[in-house]
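> Following is a predicted model, sequence given first.
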Amino acid sequence: MPELNPREILNHLIETCKDGERGFRHAAGLVTHWAMKSEFTHAADQRARFATDLLPHAHRFGGAATGDGTAAASMHRQWMDVTNRLSGHNDRLILTEARRGDSVTVLAFKSAVEGALPATVRDLVEHEYAEVCRTHERLDELDRLVQAN
């Protein structure tokens with residue numbers, strides 16, 4: 001597979017962050033557990049901020065794609081709806097799906113920091129990657145706490 005250029009990497013991260021924002025907001029609307037709702041809302045706000053922060057850098061490399069999210073992410077949100085209905089509104093299953101979707105974001109950022117990013121944007125992407133990992137760890141911890149109860 002050919003290596004992506006900085007514009008493609010940044011566009012992919014922006015799209016992934018927008019997908020994450022939509023997914024977390026959707027999950028927050030499905031759950032009743034206050035800690036999950038709070039964490040999902042926080043993660044959605046974080047991903048929106050990351051997409052906004054990355055946008056000027058993408059423009060410097062020839063502009064950002066203006067996609068409306070990926071089909072896979074849209075299908076994943078629909079799957080959360082189905083799972084929610086079939087489970088009788090089981091918050092833990094929604095958390096599991098949110099964590100699964102968030103794994104895509106973790107991998108996208110990991111791939112980006114391992115890719116060909118110029119120094120002008122590398123620090124930002126590395127910082128956001130660290131934040132994405134911390135958010136994912138909080139979701140894992142929340143899952144352990146919910147499972148223990």
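Everything's here; your move. Residues are numbered from 1 along each chain as shown.

> Would you mind finding the longest helix in this protein?
In the chain, taking DSSP state H as the definition, the longest helix is helix 119-148.

> Quick check: mean pLDDT of that helix?
Averaging the model's pLDDT scores along helix 119-148 yields 94.

> Give the other helices and strands that it contacts.
helix 6-30, helix 34-60, helix 91-113 (3 or more Cβ pairs under 8 Å, 6 or more residues apart in numbering; DSSP states H and E). (C-beta placed from N, C-alpha, C; glycine too.)

> isn't residue 21 right up against residue 47?
Yes - counting by Cβ atoms under 8 Å, residue 21 touches residue 47, with 4.1 Å between them.

> okay, those two: which has more neighbours?
residue 47 (27 against 21; other Cβ atoms under 10 Å).

> Point out where the chain drops to low pLDDT.
Flagging of the chain using pLDDT under 70 yields the residue ranges 1-3, 63-88.

> Report back the residue of the protein that's furthest from centre.
Distance to the chain centre peaks in the chain at residue 149, reaching 26.6 Å (criterion: Cα atoms, centre = their mean).
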